[in-house]
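Participant: this one's structure only:
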């Protein structure tokens, strides 16, 4: 799918400065449009290889500003750092851009891996466009942001989405891969190959221009202070370092198709037979584990004897799991229920298997029709919901209408019965999900014709 066209692996002896054939430097202390405190230099003490395969940008406190005599917008400079860019040496339009970084931390520290339009000389910011692949303000060590800025949607009005590490981890603890896939009229953001954001021209404010259709160049920097991060205080430790393992840029191969969510919907083999739900609980749990955080509030809607519940508990480990609308309630209506025999089987199975969890409140069982039960929850309540209910278009459409309100803005709505074949009896689920994505600010983050699973998420900022 992708072909490498440019890269820097930062191999070389310790103390070596970056390759001047690839990188240039911004130098100075003018505040850089944000009243930042650092003076950017091209000195090895601020930017050099570490001899172990990484480039290191080091932000330093100036021990004696009077001696250094570096001038900043506020007087003698208190900090130094570095900002590298490929302007004039490497500029490109569209592709996959990625870097493996270990970023700094602390109040007032602002690290970034980003892109600016190469026409900035003729079209000053924000008309040139800006794509922030990764930004972090050090007081939020476990959160990064992906953002675009353009005319009429810049600074605080930039279209943005945060990504948070799970279990209280910090990005300064280890290396992480940050990437975008930039194509005509769409850009997607990834952390460690997990997509968390996507933007198209349809997401811009009314009447505003999409300015991401021309060459851009790359930037890496560590800033000190500014409007957004605030300024260092007594808790801030220096030096602070951004470690860059590599930067790579790829272009799309002509012989491949990109961004096909449905994994070849015309593949007749994938439509062979409906996977039996009773045989695929572990697989479904593994899919869900890729999409949702641990220790969150989730729900399974449509519970069939509780086998999938065990897979959820083992893989996702929710803090609270709501079991809504057990299938046994449909026993009198569904032919397969065999004279309502499934009623007692389902209820007894759930009560026996999860007695301890039901007693301590980590599992809550809601007996009733989901369209009646869901309105009783507060809005923005669920971190994730898994739909395993009627498999019909109208039912799924009504459920999605409620879950838009009941699921958090950054939450996941997932389910099964993903059939792109309109002749399949369960195709209505796929149809309802796709209509929601086409008409409202949601994106499909997972869809697989082979295992029948799907997941959607609201696009950040809308």
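Facilitator: Here it is on my side, so go on. Computed from a predicted structure; not experimentally measured. Numbers count the residues shown, from 1 in each chain.
Participant: So what sits opposite the closest residue to residue 437 other than its chain neighbours in the bridge?
Facilitator: Spatial nearest neighbour of residue 437, excluding adjacent residues (C-beta to C-beta, 6 or more residues apart in numbering): residue 444 at 5.7 Å. All C-beta spots, glycine's among them, are computed from the backbone N, C-alpha and C. Legend: beta-bridge partners of residue 444 under DSSP bridges are residue 456.
Participant: tell me, what residue is most central in the protein?
Facilitator: Geometric centre of the chain, nearest residue: residue 196, 1.7 Å, by C-alpha atoms, centre = their mean.
Participant: so that one makes contact with residue 164?
Facilitator: No. With contact defined as C-beta atoms under 8 Å, residue 196 does not count as touching residue 164 (9.1 Å).
Participant: thinking again about what came up before, what number of residues lie near the residue nearest to residue 437?
Facilitator: For residue 444, the count of nearby residues is 17 (other C-beta atoms under 10 Å).
Participant: Settle this for me: it is touching residue 433, isn't it.
Facilitator: Yes. Look at residue 444 against residue 433 with C-beta under 8 Å: they come within range, at 7.3 Å.
Participant: Which neighbours do the two have in common?
Facilitator: 454, 456 (C-beta atoms under 8 Å, 6 or more residues apart in numbering).
Participant: quick one on the thing from earlier: which stretch of helix or strand covers the residue nearest to the centre of the chain?
Facilitator: strand 194-199 (DSSP states H and E).
Participant: what sits up against that strand?
Facilitator: Residues outside strand 194-199 that contact it (C-beta under 8 Å, 6+ apart) are 146, 148, 159, 161, 163, 186-190, 290, 443, 445, 459-460.
Participant: Taking the residues you listed, please make a PyMOL selection of just the buried ones.
Facilitator: The following PyMOL line selects those of those that are buried, judged by 16 or more other C-beta atoms under 10 Å:
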select buried, resi 146+148+159+161+163+186+187+188+189+190+443+445+459+460
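Participant: Out of the contacts of strand 194-199, name the ones that lie in strands.
Facilitator: Taking DSSP state E as the definition of strands, the contacts of strand 194-199 contribute 146, 148, 159, 161, 163, 186-190, 443, 445.
Participant: how about the strands in the stretch 201-350 of the chain?
Facilitator: 216-224, 240-252, 297-303, 320-326 (DSSP state E, counting those that start in this stretch).
Participant: Residue 82 is nearest to which of the ones you listed?
Facilitator: Comparing the strands of the stretch 201-350 of the chain against residue 82 with C-beta to C-beta, the closest turns out to be strand 216-224 (6.8 Å).
Participant: Let's test this: name the helix or strand in the protein with the lowest mean pLDDT.
Facilitator: Of all regular secondary-structure elements in the chain, judged by mean pLDDT, DSSP states H and E, the least confident is helix 341-353 with a mean of 64.
Participant: Show me which positions of stretch 425-434 end up buried.
Facilitator: Across stretch 425-434, burial judged by 16+ other C-beta under 10 Å covers 426-430, 432-434.
Participant: Name the member of these with the shortest distance to residue 399.
Facilitator: For those, the nearest to residue 399 is residue 432 (8.3 Å; C-beta to C-beta).
Participant: and that closest one, which of the three is it?
Facilitator: What DSSP: H, G, I helix; E, B strand; the rest coil gives for residue 432 is helix.
Participant: Just want to check the distance between it and residue 251.
Facilitator: 36 Å (C-beta to C-beta, to the nearest Å).
Participant: Give me the mean pLDDT for stretch 426-442.
Facilitator: Here stretch 426-442 scores 88 as its mean pLDDT.
Participant: got the contact list for it?
Facilitator: By C-beta under 8 Å, 6+ apart, stretch 426-442 touches 203, 274, 387, 391-397, 400, 404, 415-422, 443-444, 454, 456-459, 462.
Participant: how much space between residue 2 and residue 86?
Facilitator: Per C-beta to C-beta, residue 2 is found 19 Å from residue 86.
Participant: These two: which has the busier surroundings?
Facilitator: When residue 2 and residue 86 are compared for neighbours, residue 86 comes out ahead with 22 against 16, by other C-beta under 10 Å.
Participant: could you pull out the helices for the stretch 1-150 of the chain?
Facilitator: 65-68 (DSSP state H, counting those that start in this stretch).
Participant: Break the chain into its domains for me.
Facilitator: 2-252, 268-458 (automatic domain parsing).
Participant: Which of the ones you listed comes out lowest on mean pLDDT?
Facilitator: domain 268-458 (a mean of 77).
Participant: quick revisit: how near is the residue nearest to residue 437 to residue 48?
Facilitator: In terms of C-beta to C-beta, residue 444 sits 43 Å off from residue 48.
Participant: ok, now residue 246?
Facilitator: 16 Å.
Participant: Tell me which of the two has more neighbours.
Facilitator: Counting neighbours by other C-beta under 10 Å for residue 246 and for residue 48 shows that residue 48 has the greater number, 21 against 17.
Participant: and the closest residue to the more buried one other than its chain neighbours, how many neighbours does it have?
Facilitator: Leaving aside its sequence neighbours, residue 48 sits nearest to residue 15 (C-beta to C-beta, 6+ apart; 5.2 Å). Counted by other C-beta under 10 Å, the residues lying close to residue 15 total 11.
Participant: hmm, back to that, which one of the buried residues of stretch 425-434 is nearest to residue 110?
Facilitator: residue 433 (38.3 Å).
Participant: separation between that closest one and residue 192?
Facilitator: As for residue 433, its distance to residue 192 is 26 Å (criterion: C-beta to C-beta).
Participant: do the same with residue 431
Facilitator: Residue 431 is 32 Å from residue 192, by C-beta to C-beta.
Participant: likewise residue 28?
Facilitator: Taking C-beta to C-beta, one finds residue 28 at 34 Å from residue 192.
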